[in-house]
Structure formats: C-alpha cells, structure tokens
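> below is the sequence, then the predicted model.
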Amino acid sequence: EAGVTQFPSHSVIEKGQTVTLRCDPISGHDNLYWYRRVMGKEIKFLLHFVKESKQDESGMPNNRFLAERTGGTYSTLKVQPAELEDSGVYFCASSLTTVEETQYFGPGTRLLVL
Amino acid sequence: GENVEQHPSTLSVQEGDSAVIKCTYSDSASNYFPWYKQELGKRPQLIIDIRSNVGEKKDQRIAVTLNKTAKHFSLHITETQPEDSAVYFCAASMDSNYQLIWGAGTKLIIKP
C-alpha cells in the first residue's frame, strides 16, 4: 500500500510569490490533515478535511493560506503571497476514519521563503 | 486550548541503556496520546500510542505509560540501539477534534 505522498519535496521562493503544495493521502482515507513545523518550533496543526469538507481550519494562520480538497482525494495548500515567516516544513497526514485515529504522515514539503 | 510540553529536548544515552522521554498535557479531555519517531529527512512515523482508558502499553523494547491524574505520559525505550537515534515527538488529541497537539520533540542520541 502506498503511503502519503507530498509534492514538491522542497520549494524555494521569494517573498510575495505564490506556492502550491500538494498532498496525496493513502487511498480510501477520508481524513486529511495539514501540519507545519516552523524552524526550531513544534509541529502545529493547520486544518483537517473529512472527504472534501473542511472539518476544522482553526490552525490556519491567516487568509494568505488556502486549502482545498476537491473530490475528496488529493489536497492542495496554497500560500499567496508568501512571507518570510511561512518558511518551514509542511506535513500532510491521513487517517482512515476519525475513529481509527492513527494519522499517517507524508515526508513533508520544505518551504523556504527568501 | 491544549498544550503539550516535552522533556528533555536532547537525550544522549549509551547503547544498551534505557531512554525515557516525558510529556505533560493540560486538557483533561485529551484521550489519545501517540508517539512519533522522525529520522533525519524522513517522515514522522507512529511507533506506539495509548488511549486514556489504559495505563501502560508495550511493544517489544518500547513502552508508554500514562498518568491521567497527573496529566503526563512517558515513552520508555529499553536496550537502546544505534537505529533508535532520531527525534521523538509526543502528541495529544481528543474526540471533539482530532487535531494532534505536539510536543517540541526530543533528539535522542545513542552513543556507541
């Protein structure tokens, strides 16, 4: 069974540019989560999808971040315009159902905003 | 909201010795406590988890204990091996929302 995949693995952009991160969850997993780890700090929750619906987006830092999960399969996280403080590692995770709480993580996207 | 604190930030142990990492949480409603291991450049991987209706869980050389009254849980690794070197994260979540609240991580170094 393929694990959670994320693309790209690394992205270096300039302040003000736009970046779109993609996450493909494990096939059949209804729940998809986005987290990020800013340099030297703990991993922080961003949002949670159940299928195509946003269940919880309380962790989204501001309206420069837009997440979508059209069709309930893969998800994208767009940062527009990117700021320096957005640099970090963005992780995606998926779980089969919320009852089965084990979240399986992708390898992350390392974003550097210059 | 929930807050998870993790100690120590770095732990260096001799190969073959035991390692213990401790976490505390603030919200008594939290009822699920996973531990993830992240090797350099790789994804976080679940190594063990525990739910609030259980006080201890073991899986070979790894064990987790939970003290609900004190709101703390610990990871125990016995007979440490070089491949145990990694960053370990504790986390907590609750049924009202399934987001994981993370500790800051512990870098475990196994000295040969």
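In hand now; what should we look at?
> tell me which residues of stretch A:51-66 come out buried.
Within stretch A:51-66, the residues that qualify as buried by neighbour count (16 or more other Cβ atoms under 10 Å in any protein chain shown) are A:55-56, A:59-60, A:65. (Each C-beta comes from the backbone N, C-alpha and C, glycine too.)
> closest to A:Thr18 out of those residues?
Distance ranking of the buried residues of stretch A:51-66 against A:Thr18, using Cβ to Cβ, places A:Phe65 first at 11.3 Å.
> who does the residue lying closest to that closest one once chain neighbours are set aside form a beta bridge with?
Once its chain neighbours are removed from consideration, A:Phe65 has its nearest residue in A:Val79; the separation is 5.8 Å (Cβ to Cβ, 6 or more residues apart in numbering or on different chains). Per DSSP bridges, residues listed as beta-bridge partners of A:Val79: A:Val19, A:Phe65.
> what sits against A:Val79?
Applying Cβ atoms under 8 Å, 6 or more residues apart in numbering or on different chains, one finds that A:Val79 lies in contact with A:18-21, A:64-65, A:86, A:111.
> change it to 10 Å
Remark: with contacts taken as Cβ atoms under 10 Å, 6 or more residues apart in numbering or on different chains, A:Val79 is in contact with A:11, A:13, A:17-21, A:61-62, A:64-66, A:86, A:90, A:111, A:113.
> what do you get for B:Gly41?
Contacts were defined as Cβ under 10 Å, 6+ apart; by that measure B:Gly41 touches A:9, A:107-108, A:110.
> and the helix or strand bottoming out on mean pLDDT in chain A, what does it pack onto?
Across the helices and strands of chain A, mean confidence by mean pLDDT, DSSP states H and E is lowest for strand A:53-56: a mean of 93. Packed against strand A:53-56, as judged by 3 or more Cβ pairs under 10 Å, 6 or more residues apart in numbering or on different chains; DSSP states H and E, are the following elements: strand A:31-37, strand A:43-50, strand B:97-102.
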